[in-house]
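Colleague: Quick one: sequence plus predicted model below, questions after.
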Amino acid sequence: MRQNRIIPIAVVAAAVAAAGTACSTSGTTGSAQGGGSGGSGVVSNQSITLLAKMTAPQAVAASTKAVAAKQSAKVHMTLTLPTAKEDASGSMSFGSSPAMDLTVTVSSTDPQAGAALSQMGQMEMRMTGMVAYMNMGNSPQLAAALQGKQWMKIDFNNLSGIPGLSSFSFVKDMGKNDDPGTQLKGLLASPDLKQVGQEQRGGVQTLHFAGNLSPADLVKDSAGSGLTQQDLDSLTATIKQAGVTSTSYDVWVDGSGLPVEIKFSESTSVGTVAGDLTYSDWGSTPVTVTAPPADQTIDIAQLLQSSQG
């Protein structure tokens, strides 16, 4: 019984990382294409030149608008946590109706969690709104814990009142936090935001921006940053919940202002969290998520309630 309790909680942790931001949303950028320049390399280079003539805040603000106009992309993410690493690839939609369809691999330096995650192998994650479905891979032990079901359902709106899962209630905002537009707005609040220069990234001509950010930077006067008070409040709450003390960003955008790659590194209360996200095929196909058959799905909240009862 003890093991049946431990494994689902470890799996929820993996699911949170998979959806992460942070967030979260690689170095494996070889096939990444910005997907927004829409023409020859000459046109792209001309667009980059025009973007480069803007101030760094103006150019990054233009990039947030470009992301808002597209709202979906193919993505590859690598997230490195103090005791875990997650790689995910697939498609994501952003904005008011976030959705994702990803294949995920998670590893951990924690002996118990690491063994369970290794046994699972590659997992699949589908998410629409605040409901996620995880196909939990190949672990016979986990299949038994999930009562023979192939998919685990996680409704992030229903976690706060459940012992063992209440700490994951912050994930209700993770669709917004995964939005590269949110990452770019964070960069806009950086007091040392700068244009690094033009660079090739994964075969795409890009413009590179970089900046550092502390929690205090988010509560400073937003004049000239393009951030609304709502933006500031949202970013401040996200950073506070994660225990972030400082963040560094590097962003590469194509001639249309669309991100080709975003890297970040956060110093947090539990250690360093680093992410590398690459994007391609912006706005080409909306992400449509189909829920798995109900008879192949078990709700993690119900599972934990029954195991603790």
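Modeller: That came through fine. From a predicted model like this one, the values you see are computed outputs, not experimental measurements.

Colleague: shouldn't Val104 be in contact with Ala84?
Modeller: No - counting by C-beta atoms under 8 Å, Val104 stays clear of Ala84, with 11.9 Å between them. C-beta here means a position set from N, CA and C on the backbone, and glycine is covered the same way.

Colleague: the more surrounded of these two?
Modeller: Val104 (23 against 19; other C-beta atoms under 10 Å).

Colleague: roughly how far apart are the more buried one and Leu258?
Modeller: Look at Val104 and Leu258: by C-beta to C-beta, to the nearest Å, they are 24 Å apart.

Colleague: do Ala69 as well
Modeller: Applying C-beta to C-beta, the value for Ala69 to Leu258 is 9 Å.

Colleague: now Ala237
Modeller: Distance from Ala237 to Leu258, by C-beta to C-beta: 27 Å.

Colleague: Comparing these two, which residue is more hemmed in?
Modeller: Applying other C-beta under 10 Å to Ala237 and Leu258 shows that Leu258 carries more neighbours, namely 25 against 13.

Colleague: quick one: contacts for the residue nearest to Thr268 when sequence neighbours are not counted?
Modeller: Counting by C-beta to C-beta, 6 or more residues apart in numbering, Gly243 is the residue found nearest to Thr268 once chain neighbours are left out, at 4.7 Å. Going by C-beta atoms under 8 Å, 6 or more residues apart in numbering, Gly243 touches Thr268, Ser269, Val270.

Colleague: Name only those of these that count as buried.
Modeller: Thr268 (16 or more other C-beta atoms under 10 Å).

Colleague: ok, the contacts of Gly243 vs Gln183, which is closest?
Modeller: Thr268 (16.1 Å; C-beta to C-beta).

Colleague: Need the pLDDT of that closest one.
Modeller: Looking at Thr268, its pLDDT reads 81.

Colleague: for it, which residues make a bridge with it?
Modeller: With DSSP bridges applied, Thr268 shows beta-bridge pairing to Val244, Gly271.

Colleague: so it touches Thr245, yeah?
Modeller: Yes - in this structure Thr268 lies within contact range of Thr245 using C-beta under 8 Å: 6.8 Å.

Colleague: any chance you could map the helices in the stretch 51-200 of the chain?
Modeller: 56-70, 111-120, 140-145, 174-178, 180-188 (DSSP state H, counting those that start in this stretch).

Colleague: what packs against the third one?
Modeller: The one in question is helix 140-145. helix 2-19, helix 111-120 (3 or more C-beta pairs under 8 Å, 6 or more residues apart in numbering; DSSP states H and E).

Colleague: Show me what counts as buried in that helix.
Modeller: Per 16+ other C-beta under 10 Å, helix 140-145 contains these buried residues: Leu142, Ala145.

Colleague: Number the residues from 26 up from this point.
Modeller: Taking 26 as the first residue, the last one we looked at is helix 165-170.

Colleague: Show the average pLDDT along that helix.
Modeller: For helix 165-170, the per-residue pLDDT averages 75.

Colleague: what sits against the residue nearest to Phe119 when sequence neighbours are not counted?
Modeller: Excluding its sequence neighbours, the residue lying closest to Phe119 (C-beta to C-beta, 6+ apart) is Asp204, at 4.0 Å. Residues in contact with Asp204 (C-beta under 8 Å, 6+ apart) are Thr50, Val92, Phe119, Gly120, Pro123.

Colleague: Surely the fourth one touches Val92?
Modeller: No - at 9.0 Å, Gly120 and Val92 do not qualify as touching, with contact defined as C-beta under 8 Å.

Colleague: Now for those two: what residues contact both?
Modeller: Joint contacts of Gly120 and Val92 (C-beta under 8 Å, 6+ apart) are Asp204, Gly206.
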